[in-house]
Structure formats: structure tokens, C-alpha cells
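Participant: structural data only, the sequence is not supplied:
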DNA sequence: AATATAATGTGTATTTATTACACTATTAAA
DNA sequence: TTTAATAGTGTAATAAATACACATTATATT
């Protein structure tokens, strides 16, 4: 038995130099056959935080993804069958590691698919507003958010990190200055490992030192 | 006729060197006679943005206050009569200009009263969580928020502004460095006017130049 | 009129961060 | 061995942040 509000999940990833949004194709009215961000009703006695994981799993097949609350959306006309409030959540996932795991469990969605954030199809409900707000949030928290690194593999190159920043900020950055900045931050640890399988000079791999990140960013 | 979610308003102000929270004393069950942040049910066909102003007015007597959405709170046990989701909003008001206008219109609240943010009574529901989150939000947005200046009179002294920053950040700031920073910001305009009614050297008054603020802060 | 009080308002030297800018090094493939 | 593709590096100039102490001004008091 479900209550009268829903949860919608903006699941962002990074691939091919672009931010990607995971959309699901609806199999039920309203907006049957439309693309939407994955979402569903919260059960009456279910905590929102639990519902987010359940719904994300049912609609996309993805499990154990960390989500942050974005905002509530409750426009009277957002849902054709009467105002239904939704609480939007925002998650970041690493593209390659879940590539093959994306498949709705519920028949409520026909399929789930990635779309480049700057080239989205028409979306159901007010889901475009929700995605737009997510991208703004990401832009505004880029320097403070450890979850940013969920968008990258555990071990990543500085070029990957720079390209991610560029995609989020929508502008190019200077390589030398970017790397100098990384050094002063102190929470990005160079490893004694290098990229593999590239047909050019392999780049050094880095990882986020979460403890140091907490110290530096936690209470500045 | 109202729907099944509420709006709660965190109304912050600044007086006596401290952040102040406007609380209302409940006159209805549950939590009759408890202090709470002002809130009530949204009507079924009412936009949230309209409801915020209506509810704020009914519960406190205050009109036309700018509010920002903070977050949704929906703990299953937050309301003793079953889970009721609330969307919290955050507003800043200038203390002196509304001092005498605070009086609930609705009989749902017995009275409204200011409390220092660091010395609150026990609060109804999960309202302490909501206030705490508001104060965090204020801290994190202090440099980017034009609404910050709603906490001060239209014309204010740099000492007032510094004390406000100190109250929000919870630490003291250096006067000379603070003023140097103000100068480089460029959107705080010195006036040819001075403080009145003080028994010592009168300070110069400043005001926020909203156009310049937009330019500087809008898209950095 | 002189003094006390209480706050305002100001500058400099040091350190740190940001910006602008171009070439050499490395690897794999051809 | 050459080519292609990307990794990796330094310096000078400017701007911002920090640490720090005293003269100035308006009023109230004697």
C-alpha cells in the first residue's frame, strides 16, 4: 500500500566526455512510452531513504547507490491525475562498472537507457526541471562533494578528473593550473600505478583519500 | 480542503548579535502547547509557493516574505498520527521592522515568539532537525546569498554586517580584513549617511547594490 | 572646557592562491 | 624509425588572504 507521494531519482554518470542521465521508458499511464527519470510511489510505512533504494533498484536494476535529497516538486499540474508531490534524489554512478547491470526489475518501466545530459528527449511530468536542478546542484557543489568521485573509477587519471570538471562546469580548464590545484588540495593520492591498454603514454592513476577529504572539506 | 502534506517555515532573523528563530506555540493536538516552527497543511489545489506565504501569514502575521525551499522531511514517525510529509522553507526577515507585526491570525497557534537559535526550547515533531539544517544551509550559502541582507536593515553598518557573519559562521573575524574583503566584492555601496542615535562615533551606512550583486555572483 | 568612554576607521608586510602560457617526454602503432 | 597521441612539467605576474595596532570621532560626564 502506498502513500500519496513519489520519489524520483536523477542518476548521473560520466562517459564519453559527457554527463549522462539514466532515463527509463514508462510502460504505464500517464505518460506511457515517454522517457522519465526513474521514480515511483513510496509505501505508506516506508522511510524515504529506504524507498529511494528500492525504487531505484526496481526501475533500473541498480543497487546500493548513494543518493542525496535534491528537492520536493509539487506543482498542482505536474501530474495529470491530480497533484502528486515528488521528492527528487540525486545519485552519481560510475559508468563502466554498471553498464551491463541496467535493466528494470519492475514491468512498470520498459527499459532504462543513458542519455547525454545536454541532449535529452522530451521527458514526462516536470522531469526536465528536476534534471536541470540536479545539474545546477552538481555545478555548485563540485568543490565540496566527495560523491563527485562516484562518477569516476576508483583509480582515475588527472585527465579524466579534469574532463569531468569541464563537463560539469561547461568550460575548459588549463591543464597545468588544474594539476597544481589538485596538488594543493592534498586529498588526491597519486598511486604507483598507470593506465593500461592505451596506445600512447600511460597516465598515472590517482585515488581519493576519503579521510583527508573529510579533514580538508569537513569543517573548513 | 487540504492535501496530505504540510509546509513548515523556518523564519530567521538577527538581533542582539544572535540569530533568532521565530517559533509558534501550538494550540492544537498533536503537540498542543509545544513550540514549533510555523506550518500547516497545503490545500489540495494550492501551489506550494502560494501555500508558504499563506501559512506563514496565518501562523505569524507576517506577509510577503521571500522563502527558499530547504528540503522535504518525511520520517515515518515524525507525526504521531501517521507519516505526514512536510516541505520546509527558509526565510530571512529584518528584526526591527516586523517586531510589532508578529501575531498569529489563525487560532491554530497561540502566539509567535523569537528564540535565540542557540537556545531553543524543545520543539514539536522533527522541527529541531529542520532548524539545524536551515542553519547549516545559511552557513554554506553565506557568500552567495542576496537574501542574507534581508537579515539587516536596508542601510547597515559594516560592524553590523560583520557581526552577522560572525553569528552565522560561529567564529570571530578580523575587522580590517573583513572590510578589505567588502571593498573587493564591489556590491556593497557606501552611502553618504551615518548611523544615528548612538553615543559614540557614528558609523557609515552601506547598502546592497542588487544589480552589481547579480553581476558578481550570478554566474561566477 | 576638559576628560573619559565607546566605538569607528585605517595600512603594510607576508603568505597563499590564481592565472596565463608552450614545450619535452613517453608509449604504441604504423 | 617515424608518426600519432597524450602525459607531464615551471615560471612570472597578479590577486586574494592573513596577521597585526593605533589614531580618530562623537557623545556623555565631570
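Facilitator: Now that the structure is in, tell me what you want to look at. Quick caveat: nothing in here was measured; it's all calculated off a predicted structure.
Participant: give me the pLDDT value at the closest residue in space to residue A:210 that isn't next to it in sequence.
Facilitator: Nearest residue to residue A:210, sequence neighbours excluded (Cβ to Cβ, 6 or more residues apart in numbering or on different chains): residue A:146, at 6.4 Å. Placement of C-beta: from N, CA and C, glycine included. As predicted, residue A:146 sits at a pLDDT of 95.
Participant: and if you look at residue A:81?
Facilitator: For residue A:81, pLDDT reads 88.
Participant: helix, strand, or coil at it?
Facilitator: coil (DSSP: H, G, I helix; E, B strand; the rest coil).
Participant: how deep is the closest residue to DNA strand C within chain A tucked in, by neighbour count?
Facilitator: Closest to DNA strand C within chain A is residue A:201: 2.8 Å, counting by Cβ to the nearest atom of the strand. Residue A:201: 7 surrounding residues under other Cβ atoms under 10 Å in any protein chain shown.
Participant: hang on, the earlier thing: what about the residue nearest to residue A:210, distance to residue B:8?
Facilitator: Using Cβ to Cβ, to the nearest Å, one gets 29 Å for the distance from residue A:146 to residue B:8.
Participant: who has more neighbours, the two?
Facilitator: Set residue A:146 next to residue B:8 and count neighbours by other Cβ under 10 Å: residue B:8 wins out with 25 against 14.
Participant: mind giving me the domain split of chain A?
Facilitator: The record's domain parsing of chain A by automatic domain parsing lists A:2-141, A:154-217.
Participant: so which of those domains is the most surrounded?
Facilitator: Scoring the domains of chain A by mean neighbour count under mean count of other Cβ atoms under 10 Å in any protein chain shown gives domain A:2-141 as the most buried, with a mean of 18.
Participant: and it, does that touch chain B?
Facilitator: Yes. Residues of domain A:2-141 contacting chain B under Cβ under 8 Å from any Cβ of the partner chain: A:3-5, A:42, A:44-48, A:69, A:71-72, A:74-76, A:83, A:85, A:87.
Participant: residue A:25 contacts residue A:34, doesn't it?
Facilitator: Yes. Look at residue A:25 against residue A:34 with Cβ atoms under 8 Å: they come within range, at 7.4 Å.
Participant: re the thing from before, closest to residue B:137 out of the domains of chain A?
Facilitator: For residue B:137, the closest of the domains of chain A is domain A:2-141, at 12.2 Å, according to Cβ to Cβ.
Participant: how distant is the longest strand along chain A from the center of its chain?
Facilitator: Taking DSSP state E as the criterion, chain A has its longest strand at strand A:2-15. In terms of Cα atoms, centre = their mean, to the nearest Å, the centre of strand A:2-15 is found 10 Å from the chain centre.
Participant: now do that strand and strand B:2-15, the angle between them.
Facilitator: Here strand A:2-15 points in a direction 60 degrees away from that of strand B:2-15 (axes from the mean of the first three to the mean of the last three Cα atoms, to 10 degrees).
Participant: in its sheet, which strands sit next to strand A:2-15, and in what direction?
Facilitator: strand A:18-26 (antiparallel), strand A:39-43 (antiparallel), strand A:85-92 (parallel) (DSSP bridges).
Participant: other residues contacting the helix or strand that comes right after the second one?
Facilitator: Put plainly, it is strand A:39-43. For strand A:39-43, the succeeding helix or strand toward the C-terminus, using DSSP states H and E, is helix A:48-60. By Cβ atoms under 8 Å, 6 or more residues apart in numbering or on different chains, the residues outside helix A:48-60 that reach it are A:7, A:9, A:11, A:22, A:24, A:38-40, A:42-43, A:46, A:62-65, A:67, A:69, A:87, A:89, A:91, A:102-106, A:108-109, A:112, B:72, B:74-75.
Participant: also stretch A:125-135?
Facilitator: The contact list for stretch A:125-135, computed with Cβ under 8 Å, 6+ apart, reads A:8, A:10, A:12, A:19, A:21, A:31, A:36-37, A:70-71, A:73, A:75, A:78-79, A:86, A:88, A:90, A:117, A:120, A:123, A:168.
Participant: repeat that for stretch A:188-196.
Facilitator: Stretch A:188-196 has contacts (Cβ under 8 Å, 6+ apart) with A:155, A:157, A:161, A:182, A:202-209, A:212.
Participant: how about the residues you listed in a markdown table, adding secondary structure?
Facilitator: Output for the contacts of stretch A:188-196, formatted as a markdown table (three-state DSSP):
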| residue | secondary structure |
| --- | --- |
| A:155 | coil |
| A:157 | coil |
| A:161 | helix |
| A:182 | helix |
| A:202 | coil |
| A:203 | coil |
| A:204 | strand |
| A:205 | strand |
| A:206 | strand |
| A:207 | strand |
| A:208 | strand |
| A:209 | coil |
| A:212 | helix |
